[in-house]
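1. how does the following fold in three dimensions:
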Amino acid sequence: MYHIHQNLESWVGRHDFRSRRFLNQTEEKGKTWERKFEIYPDSGFYREAGRDTTAPTVPDPLDDAAFLYWIAPYRSKSGSATSTAATSGPSAIPSSSTC
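-> Okay, the predicted model is just below:
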């Protein structure tokens, strides 16, 4: 049997809903790892814990957990499509969704 336990924590701004901090704790097949990100949308960069470098982010970043919360209202409209470039993290790519 396959088992994965994942905890996602997201800190977003109350007024602009831009990501500020993201924590991903994962336990899979007996291995455990954690990734932490500090996101600075006003300065245009983010930093992953344990690394000395920064990376650019989009103007309105959304981490993995914030994106799921943000997209939820759109999923209820069958056949609707939306796209966004509001993502951050190592694979900072635009995303799209059709429900």
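2. which stretches of this structure aren't confidently modelled?
-> 75-99 (pLDDT under 70).
3. quick one, helices of it?
-> Taking DSSP state H, the helices of the chain run over residues 64-75.
4. for Glu34, which non-adjacent residue is closest in space?
-> Closest residue to Glu34 apart from its sequence neighbours, by Cβ to Cβ, 6 or more residues apart in numbering: Gln25 at 4.9 Å. C-betas here are computed from N, CA, C, even on glycine.
5. doesn't Ile4 make contact with the one you found?
-> No: with contact defined as Cβ atoms under 8 Å, Gln25 does not count as touching Ile4 (11.4 Å).
6. returning to that earlier point: and the residue nearest to Glu34, how far from Lys36?
-> 9 Å (Cβ to Cβ, to the nearest Å).
7. also Thr57?
-> From Thr57 to Lys36 the distance is 15 Å (Cβ to Cβ).
8. quick check: phi and psi on the residue nearest in space to the middle of the chain?
-> Nearest to the geometric centre of the chain sits Asp63, at 1.5 Å (Cα atoms, centre = their mean). Dihedral pair for Asp63: phi -80, psi -180, per degrees, to the nearest 10.
9. I'd say it and Ser19 touch.
-> Yes: with contacts counted by Cβ under 8 Å, Asp63 reaches Ser19, the gap being 4.4 Å.
10. more neighbours: Thr57 and Lys36, which one.
-> Thr57 (23 against 14; other Cβ atoms under 10 Å).
11. was I right about the more buried one contacting Glu48?
-> No: applying Cβ under 8 Å, one finds Thr57 not in contact with Glu48, separated by 11.6 Å.
12. and for stretch 2-16, what are the contacting residues?
-> 18-29, 41, 60, 62-66, 69 (Cβ atoms under 8 Å, 6 or more residues apart in numbering).
13. that older thread, how close does the closest residue to the residue nearest to the centre of the chain other than its chain neighbours get to Ala66?
-> The shortest distance from Asp63 to any non-neighbouring residue, by Cβ to Cβ, 6+ apart, is to Phe22 (3.6 Å). Distance of Phe22 to Ala66, computed by Cβ to Cβ: 8 Å.
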